[in-house]
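In: this one's sequence-less:
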């Protein structure tokens, strides 16, 4: 029985010894991808479109409110109630649009960044397989320590053909 336990322990230790773990900083790679500028431009364009849509809604609301206030004396009680409902509906629509605006921008950003993340993922897979890595962790604030020798970030950047700015360009 002791021999089986020792044999099992030896197999486990051998199995762990063959494991190779690396790290990667995806955010750093993404921030240096030239395609990110186009994504940011598309996101800015989308944000401006949302702002324009919001402006149309606000202008229509303000016009309806002004028309209501200007003609209030001539309205019957039934017309007043109907106009008030319309104005409240427009106000509610504007508030919902504002609340959903940030979510819409996040959805659009995810949609635009997805191809870049896929590109990084394909390159990471290639680099990890070439280096016989069994696991790759994303370096962030949850990792207490990692050996820079096992950081795959620069290898993936090189595989993607990304040219990093020189230290003098970073100063400007």
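Out: Nice, thanks for sending it over. Bear in mind that the values here come from a model prediction, so they are computed numbers and not experimental data.

In: Just the strands from this structure, written as ranges.
Out: For the chain, strands defined by DSSP state E occupy the ranges 21-24, 135-138.

In: Sketch out the low-pLDDT regions of the chain for me.
Out: 1-17, 141, 144, 167-172 (pLDDT under 70).

In: now, of the strands of the chain, which is deepest in the fold?
Out: Stretch with highest mean neighbour count among these: strand 21-24 (a mean of 20; mean count of other C-beta atoms under 10 Å). For the C-beta atoms, the positions are set from N, CA and C on the backbone; glycine is no exception.

In: returning to that earlier point: quick one, which of the strands of the chain gets closest to residue 156.
Out: Between residue 156 and these, the tightest spacing by C-beta to C-beta is seen for strand 21-24, at 6.3 Å.

In: tally of neighbours for residue 57?
Out: Residues near residue 57, counting by other C-beta atoms under 10 Å, number 16.

In: I'd say it and residue 91 touch.
Out: No. Shown here, residue 57 and residue 91 do not form a contact pair, counting by C-beta atoms under 8 Å, at 9.7 Å.

In: hang on, the earlier thing: could I get the strands of the chain as JSON lines with distance to residue 103?
Out: Below are these laid out as JSON lines (distance: least, C-beta to C-beta, whole Å):
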{"stretch": "strand 21-24", "distance to residue 103": "29"}
{"stretch": "strand 135-138", "distance to residue 103": "25"}
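
In: Contacts only, for the nearest residue to residue 159 once chain neighbours are set aside.
Out: Of all residues not flanking residue 159 in the chain, residue 123 sits nearest, at 4.5 Å (C-beta to C-beta, 6 or more residues apart in numbering). Contacts for residue 123 were tallied using C-beta atoms under 8 Å, 6 or more residues apart in numbering; they are 156, 159, 160.

In: contact partners of stretch 76-85?
Out: The contact list for stretch 76-85 (C-beta under 8 Å, 6+ apart) reads 64, 68, 72, 75.

In: Could you give me the buried positions within that stretch?
Out: For stretch 76-85, a neighbour-count test (16 or more other C-beta atoms under 10 Å) marks residue 83 as buried.

In: Taking the centroid of this structure, which residue is nearest it?
Out: Most central in the chain under C-alpha atoms, centre = their mean is residue 110, positioned 4.8 Å from the mean C-alpha point.

In: nearest residue to residue 61 other than its sequence neighbours?
Out: residue 90 (4.4 Å).

In: how many other residues sit next to the one you found?
Out: 18.

In: Likewise for residue 128?
Out: Applying other C-beta under 10 Å, I find that residue 128 has 19 neighbouring residues.

In: The nearest residue to it once chain neighbours are set aside bridge partners, please.
Out: In space, and not counting its chain neighbours, residue 128 is closest to residue 136: 5.4 Å by C-beta to C-beta, 6+ apart. Beta bridges link residue 136 to residue 22, judged by DSSP bridges.

In: Understood, closing this out.
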